[in-house]
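> following is a predicted model, sequence given first.
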Amino acid sequence: MPESQIIPWSVGTWTHAPATQSADAADHLDVTAVESSDAWRHTAYGFVHDTEHALLAPLAVGEAMDVSFRAPWDGQFDQAGVFVRIDDEHWMKAGIEYADDHLGLGAVVTDIRSDWSVGHVDDWHESEITVRVSRWPDALIVRARAGDGEWRLVRVAPFDGDAPASAGPFLAAPTRSDFTVRFTRWERSAADTDLH
């Protein structure tokens with residue numbers, strides 16, 4: 001496969017249509033989430049939310065996807081990053097979530113039930129953020145960085161390598177109606193070969 005390939009915004013298919021979207025084919029995609037959109041299944045909260053906005057294209061074993069974005073992080077549980085999906089009960093979202101006045105970098109891995117891992121990255125608040133997901137035969141490897149900074153390992157998560165999956169940019173706004181994310185890059189490349 002070529003070293004990297006930009007994926008046009010028009011190639012993806014939305015899991016759930018956003019409130020609005022406006023693409024500059026050569027530059028960026030602005031997307032506004034529907035209020036109360038989210039993705040979560042059962043654990044701790046007892047509910048199932050299956051209303052995220054994820055723009056997906058196929059992701060094969062041996063491939064990686066990078067998504068870069070900026071957002072005005074100020075609404076409780078505002079979130080954006082990369083979504084990887086097999087079906088309604090098997091998926092992962094990884095990226096940024098604003099909660100309790102902190103910017104969190106983390107991932108939710110769902111195998112019928114969801115989990116959540118997160119750490120604060122408040123110094124990333126004004127940055128363009130890139131999340132990279134590499135698909136291995138039995139795992140997803142998630143890395144992220146702010147601007148041109150060092151890549152940070154976010155998660156190593158089990159993931160079925162035999163199942164067809166798709167991935168791409170996502171956003172959700174559980175508590176407000178005007179959360180708009182500017183996605184600046186969507187790229188496919190070869191998966192990372194090293195874990196560390």
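The structure has been received and is ready for your questions.
> quick one, what contacts Trp124?
By CB atoms under 8 Å, 6 or more residues apart in numbering, the contact list for Trp124 reads Ile96, Leu103, Leu105, Ala146. C-betas here are computed from N, CA, C, even on glycine.
> Asp192: which of these is nearest?
Leu105 (17.5 Å; CB to CB).
> now the closest one: phi and psi?
phi -110, psi 120 (degrees, to the nearest 10).
> helix, strand, or coil at Val133?
Of the three states, Val133 takes strand under DSSP: H, G, I helix; E, B strand; the rest coil.
> I figured it hits Ile141, correct?
Yes - if you go by CB atoms under 8 Å, Val133 and Ile141 touch, sitting 7.2 Å apart.
> between those two, which is the more surrounded one?
Val133 (31 against 21; other CB atoms under 10 Å).
> residue contacts, that one?
When the contact criterion is CB under 8 Å, 6+ apart, the partners of Val133 are Leu59, Ala64, Met65, Val82, Val84, Met92, Ala94, Leu140, Ile141, Val142, Ala167.
> pull the most distant pair out of those.
Using CB to CB, the contacts of Val133 span at most 13.7 Å, a distance reached by Ala64 and Met92.
> the more surrounded of the two?
Neighbours were counted for Ala64 and for Met92 using other CB under 10 Å; Met92 has more, 27 against 21.
> that older thread, just the closest of the contacts of Trp124 to Leu153, please.
Ranked by distance to Leu153 (CB to CB), the contacts of Trp124 are led by Leu105 at 10.7 Å.
> contacting residues for that closest one?
Residues counted as contacts of Leu105 (CB under 8 Å, 6+ apart) are Gly95, Ile96, Val118, Gly119, His120, Val121, Trp124, Ala144, Arg152, Val154.
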